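Colleague: Please work out how this folds:
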Amino acid sequence: MFSLKIFFILVKTTCTLAPDGEITLSEIPERKRKRGRPRSGKADNAASTVQALDRGLLILRALARSRGATLSELALQVGMPPSTAHRVLATLQNHGFAEFDDSTQEWAVGVGAFRVGSSYLMRTNLIEAARKAMRGLMRETGETANLGIMDGCHVVFVSQVETHNPIRAFFRPGTRSEMHASGIGKALLSEMSRKQVEKILQKTGLPEFTPNTITSASALFEDLERSRARGWALDDEERYHGMRCVAAPIHNAYGETIAGISVSGPAVRFSPEVILATGPRVRKAASEVTRKIGGIAPQR
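Modeller: So this is what the prediction gives:
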């Protein structure tokens, strides 16, 4: 036992012979590790891997926000030394996630990032992505939730979550409706330019369905302006007498309006107070679907 203890001490110390013959023990200074070498490879490698990934994602997001940026600009945006930012960019470039333009000396998002993003978009179906938001709207409002897309100059209803109320709105999938007399239709029109709307009206006109149908182009443009400003549109018994609908637009990855989501039901349950409370809820649901399909809502 004694010999084992002495051995352990000698491993950590050196022996020195003093002039008087006494042996003294002194500690051996540890050899300095090279700068940057982790003490424990297993633990620190995991940490450095996360840090490297974090830096890569920060730079990738910065690239996504700009059409092109120099190394100095990117390093400043993400708060990294230029040398570190360059190593990360070089790695991203090797995998196709970043591209460098020799003529402008600027970095940009590479096609590899598009491929990854596209795989998400292909996996995320519009109807599937909207289903949860529609169910949430039905529970919150107690009314039927609808999803519609633009088909030529008309709205086509592609999905619906029905309320449990005995009196309710019902649109069979594939049902078509004129845009100027539909909540979703007006939500889609409100995101278009005046010239685009005029082209549609030249083909369809403004047929009257109820006394509340908007049949004047000037009145329609005023209504669309209000819809654009608040982010949701209202069908105030304009297609069917006794039925109201509140709708909001859904956007794709290019900021284009591709669909609309709405809640609809009997006018007696859609008082002005209820409509004002429902509008923001529908707009929030539309934003949720936009986010799920990788879309971008335009800046207002």
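
Colleague: give me the element the residue nearest in space to the middle of the chain is part of.
Modeller: Per CA atoms, centre = their mean, the C-alpha nearest to the average position across the chain is that of Arg291, at 3.5 Å. Arg291 belongs to helix 272-292 when elements are defined using DSSP states H and E.

Colleague: just how off-centre is that helix within its chain?
Modeller: The gap between where helix 272-292 is centred and where its chain is centred comes out at 17 Å by CA atoms, centre = their mean, to the nearest Å.

Colleague: what do you get for stretch 286-300?
Modeller: How far stretch 286-300 lies from its chain's middle: 6 Å, per CA atoms, centre = their mean.

Colleague: heads up, I number from 55, so please use that
Modeller: OK, 55 is where the count begins now, so the last one is stretch 340-354.

Colleague: buried set for it?
Modeller: Using 16 or more other CB atoms under 10 Å as the test for burial, stretch 340-354 gives Ala340, Ser341, Glu342, Val343, Thr344, Lys346, Ile347, Gly349, Ala351. Backbone N, C-alpha and C define where each C-beta goes, glycine included.

Colleague: quick one: secondary structure of the nearest residue to the second one once chain neighbours are set aside?
Modeller: Yep, that's Ser341 we're talking about. By the measure of CB to CB, 6 or more residues apart in numbering, the closest residue to Ser341 outside its immediate chain neighbours is Ala351, 6.2 Å from it. Assigned by DSSP: H, G, I helix; E, B strand; the rest coil, the conformation of Ala351 is coil.

Colleague: Contacts only, for Ala351.
Modeller: His305, Gly309, Ser341, Thr344 (CB atoms under 8 Å, 6 or more residues apart in numbering).

Colleague: cutoff 7 Å now
Modeller: With CB atoms under 7 Å, 6 or more residues apart in numbering as the criterion, the residues that contact Ala351 are His305, Ser341, Thr344.

Colleague: just curious, which of those residues is nearest to Lys249?
Modeller: For Lys249, the closest of those turns out to be His305, at 19.7 Å, with distances computed as CB to CB.

Colleague: I'd like to know how many residues surround Ser270.
Modeller: By the measure other CB atoms under 10 Å, the count of residues near Ser270 is 10.

Colleague: on that earlier part again, farthest pair in the buried residues of stretch 340-354?
Modeller: Comparing the members of the buried residues of stretch 340-354, the greatest separation, given CB to CB, is between Lys346 and Ala351, at 12.6 Å.
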